[in-house]
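A.B. asks: the following block contains a protein sequence and its predicted model.
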Amino acid sequence: MIQESFLVHPHSPFRLDLTVWVLRRRAKNRIDWWDGTHYTRIFVVDSVPIKVCVSQRQTGNNPELLVNVWSPAAIEQLSSKIRETLQGILGFQVDITGFYTLAEKDHLLSLLAQQFRGMKPPRFPSLFEALLNAFACQQVSLDVGIMLLNRLTATYGLKFDDGQAVLSAFPEPAALAKTSVERIRTLGFSQQKARAITELATALVNKQRDFSILEAMNNEEAEASLSSIRGVGRWTAEYVLLRGLGRLDTFPGDDVGAQKNLQQLVHLEERPTYEKVKEVTSPWQPYAGFVYFHLLLEKLHRQGVLLQA
């Protein structure tokens with residue numbers, strides 16, 4: 001087993017624990033692990049499963065992260081590749097100074113910003129993973145969606161075994177393109193979701209779809225492109241814009257949980273409609289999506305789960 005270590009100095013402020021909780025959302029997440037101190041995940045680099053463990057050594061004005069990497073085989077420029085991957089996932093170089101400036105002028109945002117200062121906007125490692133997360137969570141509770149993703153990962157993800165525990169990487173498109181709708185359904189996915197997963201995986205393997213073009217598109221263009229994929233409606237497209245493309249101005253307006261969180265924050269009598277969500281969040285642009293993440297943390301805080309493994 002080959003081990004490498006390196007340090008990362010995020011753009012201040014940065015808190016690993018808060019950022020990881022926005023990424024994992026539930027304590028039962030078995031893809032993004034958190035034990036209260038260490039963030040652990042299995043990545044696939046050059047078709048090899050790699051174990052990565054991140055911990056925060058310093059906070060304050062000079063935050064510092066220690067990254068440990070284990071690989072069963074030698075991989076050229078492994079640390080550099082992992083650093084780049086983590087930068088996207090944990091957003092540690094994203095400058096959100098503008099959000100804090102905006103929050104100073106808004107009483108509601110000010111309280112959230114102070115409470116969760118240092119959280120950075122995380123992104124899924126790939127748009128494929130972002131879409132599968134959205135598929136799994138459509139029309140079911142987040143707890144059920146996470147359970148489905150855990151099963152999918154345990155069944156189709158590459159395994160990393162260091163003699164202590166066997167962990168799985170999120171499935172690659174090639175693994176899911178080889179399976180059938182019926183087999184994915186046995187994990188608890190509906191017929192429609194299973195078909196959407198296999199079709200998307202097959203399209204990516206056969207190079208019939210190129211996600212790289214989305215980065216250069218504006219939100220409307222990207223949403224239209226995503227909507228051409230089976231199983232992608234307005235909520236899924238906006239979810240992927242935020243969690244996959246890092247568009248912090250996107251607050252998924254059809255997200256029932258977010259609607260309830262917003263209702264509580266601004267003391268609305270009823271759960272807001274899509275249009276009302278856009279109206280309420282418009283003064284927070286271009287950080288409405290970043291507020292979405294803060295509201296998630298606030299809910300987790302109320303539930304007392306932020307410090308759970």
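C.D. replies: Looks like it came in fine. Numbers count the residues shown, from 1 in each chain.

A.B. asks: for the spatially closest residue to residue 25 that is not a sequence neighbour, what are its contacts?
C.D. replies: Across the structure, with CB to CB, 6 or more residues apart in numbering as the measure, the residue nearest residue 25 apart from its sequence neighbours is residue 142 (6.2 Å). To be clear about C-beta, it is placed using only N, CA and C from the backbone, and glycine gets the same treatment. With contacts taken as CB atoms under 8 Å, 6 or more residues apart in numbering, residue 142 has the following neighbours: 25-26, 257.

A.B. asks: same question, residue 232
C.D. replies: With contact taken as CB under 8 Å, 6+ apart, residue 232 is in contact with 131, 134, 196, 226, 240.

A.B. asks: distance of it relative to residue 7?
C.D. replies: Using CB to CB, to the nearest Å, one obtains 39 Å as the distance from residue 232 to residue 7.

A.B. asks: and the protein, what are its domain boundaries?
C.D. replies: Under automatic domain parsing, the residue ranges defining each domain of the chain are 2-93, 95-119+246-303, 127-243.

A.B. asks: which of the contacts of residue 142 are buried?
C.D. replies: 25-26, 257 (16 or more other CB atoms under 10 Å).

A.B. asks: find me the pLDDT at residue 307, would you?
C.D. replies: If you check residue 307, the pLDDT there is 62.

A.B. asks: which ones are touching the residue of the chain positioned farthest from its centre?
C.D. replies: No residue in the chain sits farther from the centre than residue 269, which is 30.5 Å out by CA atoms, centre = their mean. The contact partners of residue 269, by CB under 8 Å, 6+ apart, come to none.

A.B. asks: also residue 214?
C.D. replies: Shown in contact with residue 214 (CB under 8 Å, 6+ apart): 127, 222, 225-226, 245.

A.B. asks: can we see that at 10 Å?
C.D. replies: By CB atoms under 10 Å, 6 or more residues apart in numbering, the contact list for residue 214 reads 127, 221-223, 225-226, 240-241, 244-245.

A.B. asks: including neighbour count, could the residues you listed go into TSV?
C.D. replies: Converted to TSV, those look like this (neighbours: other CB atoms under 10 Å):
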residue	neighbour count
127	22
221	12
222	23
223	20
225	17
226	26
240	26
241	24
244	24
245	20
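
A.B. asks: inside helices: which ones of the residues you listed?
C.D. replies: The helices in this structure, assigned by DSSP state H, contain 127, 221-223, 225-226, 240-241 from the contacts of residue 214.

A.B. asks: leaving out chain neighbours, which residue sits closest to residue 270?
C.D. replies: residue 263 (7.3 Å).

A.B. asks: where's the dip in pLDDT among the buried ones among the contacts of residue 142?
C.D. replies: Looking at pLDDT alone, the buried ones among the contacts of residue 142 dip lowest at residue 257, where the score is 91.

A.B. asks: what's the distance between the nearest residue in space to it that is not next to it in sequence and residue 240?
C.D. replies: Using CB to CB, 6+ apart and skipping the chain neighbours, the partner closest in space to residue 257 is residue 142 (6.6 Å). When distances are taken as CB to CB, residue 142 and residue 240 turn out to be 16 Å apart.

A.B. asks: picking up where we left off before, greatest separation within the ones in helices among the contacts of residue 214: which pair is it?
C.D. replies: Using CB to CB, those reach their maximum pairwise distance at 127 and 221, which is 14.6 Å.

A.B. asks: now do the same end-to-end measure for stretch 61-78.
C.D. replies: Using CA to CA, to the nearest Å, the gap from the first to the last residue of stretch 61-78 comes to 29 Å.

A.B. asks: in the stretch 201-309 of the chain, where is pLDDT below threshold?
C.D. replies: Confidence mapping of the stretch 201-309 of the chain against pLDDT under 70 gives the ranges 307-309.

A.B. asks: what about the helices in it?
C.D. replies: Using DSSP state H, counting those that start in this stretch, the helices of the stretch 201-309 of the chain run over residues 219-226, 234-243, 256-266, 274-281, 288-303.

A.B. asks: go ahead and name everything in contact with the fourth one.
C.D. replies: Read that as helix 274-281. Under the contact criterion CB under 10 Å, 6+ apart, helix 274-281 has outside partners 234-235, 238, 249-255, 258-259, 262-263, 265-266, 268, 270-273, 285, 287-289, 291-292.

A.B. asks: with only the CA atoms kept, save it in CSV.
C.D. replies: Backbone C-alpha positions of helix 274-281 (Å, rounded to 0.1, in the frame of the first residue of the first chain) are rendered in CSV as follows:
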residue,chain,number,x,y,z
TYR,A,274,-41.8,28.0,-6.5
GLU,A,275,-42.6,31.5,-7.5
LYS,A,276,-42.6,32.7,-3.8
VAL,A,277,-39.3,31.1,-3.3
LYS,A,278,-37.8,33.0,-6.1
GLU,A,279,-39.3,36.2,-4.8
VAL,A,280,-38.1,35.7,-1.3
THR,A,281,-34.5,34.7,-2.3
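
A.B. asks: noted, bye for now.
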